[in-house]
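> Predicted coordinates and the sequence they were generated for:
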Amino acid sequence: MPIKQNRHDQILKLIVEDFIDTAEPVGSMNLLEKYNLDCSSATIRNDMMQLEKEGLIEKTHHSSGRVPSAKGYRYYLEHIKNSEQSYEVDEEFKKEFALVLQKKSQAVEEVMEKSCQILSEMTNLATIVVGPKASQDLLASIQVIPLNSNTVTAIIVTDKGYVENKTFSINDQTYVNDIVQAVKLINKRLVGTPIEELADKLNSIRPLISDLLGERTNIIMEAFMEAFMKFARKRLETFGTSKLLELPEYEKEKNNLLNVVKFLDNPEKINSEIQNLDDSIEVKDDENMAIVTKNVDINGQNSGKIAVVGPKRMNYKKILASLEYVAKTLKQYYEQQGKDDDDE
């Protein structure tokens with residue numbers, strides 16, 4: 001849709017931004033008085049009637065005012081991306097985010113999750129972090145750590161820094177030594193294998209593992225299979241779902257709230273939705289929900305996505321600027337960390 005610089009666009013922009021700020025339907029007199037427009041109330045009403053005919057605004061059941069439609073939000077967002085106006089990221093957000101990065105030796109997913117937690121706190125919306133597809137990961141190592149005489153933990157790490165662990169209960173100390181030897185064998189045979197292929201590769205060396213563990217082979221095989229399958233699933237975490245309860249549109253429209261909560265509670269639906277979105281905004285037509293996503297690229301590779309989920313009435317300028325800041329800062333942080341490692 002082409003961008004037109006005219007009074008209709010100005011009226012739509014004011015309606016969208018006023019509704020974002022107040023959550024109240026917008027009337028012509030409100031626009032005239034609040035923004036000192038250089039035209040009559042009748043002119044504004046005519047413009048609003050035209051915007052309504054074009055499907056950019058719509059009437060609510062509860063008021064004579066108008067609110068933006070999904071189509072109207074999309075049109076408005078084209079103005080943001082093509083406008084010189086920018087939103088300054090909140091300084092408090094920057095400080096909180098800087099504290100996350102002060103802690104060294106954190107896994108990438110841990111930093112992204114903490115970033116999303118802060119983003120949820122600052123926006124009062126739900127946030128999602130989705131890790132990269134497992135097909136991009138290779139097995140880096142498996143380590144065995146005895147916790148006590150009866151318990152041992154295996155830590156599985158990928159080349160992208162993702163970690164999974166599995167704890168075993170054992171009957172005697174000699175069993176620990178057998179597990180250590182089995183893990184050495186697995187490392188020797190499987191390090192460098194794509195995560196998606198690990199289950200099949202592990203099955204192929206089952207006879208060798210059985211020589212070491214005997215009748216206990218099934219227990220170990222099942223445990224590692226389960227850990228490998230967790231890696232193979234797309235990783236995601238959600239934050240701030242409860243914050244949506246406080247938003248006026250969801251207080252009034254419980255069905256809309258239920259739809260969003262169901263979405264956030266459905267990993268498969270989140271994955272299918274967000275994996276297809278790249279640095280984009282999706283405004284739903286049939287429900288009061290919008291999703292803003294941002295790719296996070298670290299060391300030249302896609303490390304996942306972060307997303308903000310909430311009602312269509314969200315402060316898009318703030319959300320877009322905050323997501324851009326997180327992605328850019330994470331990229332710079334890990335680039336600098338790589339340089340520091342090279343200098344040592």
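Nice, I can see it.
> contacts, neighbours, all on C-alpha from now
Noted.
> what about the protein, any weak spots by pLDDT?
1-5, 62-63, 80-86, 104-106, 133-136, 171-174, 231-234, 338-344 (pLDDT under 70).
> Got phi/psi on Phe239?
With angles defined as degrees, to the nearest 10, Phe239 sits at phi -140, psi 150.
> ok, it to Val111 distance?
14 Å (CA to CA, to the nearest Å).
> And the helices in the protein?
Counting by DSSP state H, the chain has these helices, from start to end: 7-22, 28-35, 41-53, 70-81, 91-102, 108-123, 173-190, 198-204, 206-213, 217-232, 248-252, 254-264, 267-274, 316-343.
> mind checking how far the fourth one is from the chain centre?
The chain centre lies 22 Å from the centre of helix 70-81; the measure is CA atoms, centre = their mean, to the nearest Å.
> before we move on, what about stretch 159-170?
Worked out by CA atoms, centre = their mean, stretch 159-170 lies 23 Å from the chain centre.
> I'd like the C-alpha coordinates of it written as PDB, please.
Output in PDB follows, covering the C-alpha atoms of stretch 159-170 (Å, rounded to 0.1, in the frame of the first residue of the first chain):
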ATOM      1  CA  ASP A 159      28.600 -26.000  19.400                       C
ATOM      2  CA  LYS A 160      26.100 -23.100  19.700                       C
ATOM      3  CA  GLY A 161      26.300 -23.200  23.500                       C
ATOM      4  CA  TYR A 162      23.000 -24.900  24.200                       C
ATOM      5  CA  VAL A 163      23.000 -27.200  27.200                       C
ATOM      6  CA  GLU A 164      20.900 -30.200  28.300                       C
ATOM      7  CA  ASN A 165      21.500 -32.400  31.300                       C
ATOM      8  CA  LYS A 166      20.400 -35.700  32.600                       C
ATOM      9  CA  THR A 167      20.700 -37.100  36.100                       C
ATOM     10  CA  PHE A 168      21.100 -40.900  36.800                       C
ATOM     11  CA  SER A 169      20.500 -42.700  40.000                       C
ATOM     12  CA  ILE A 170      23.000 -45.500  40.600                       C
END
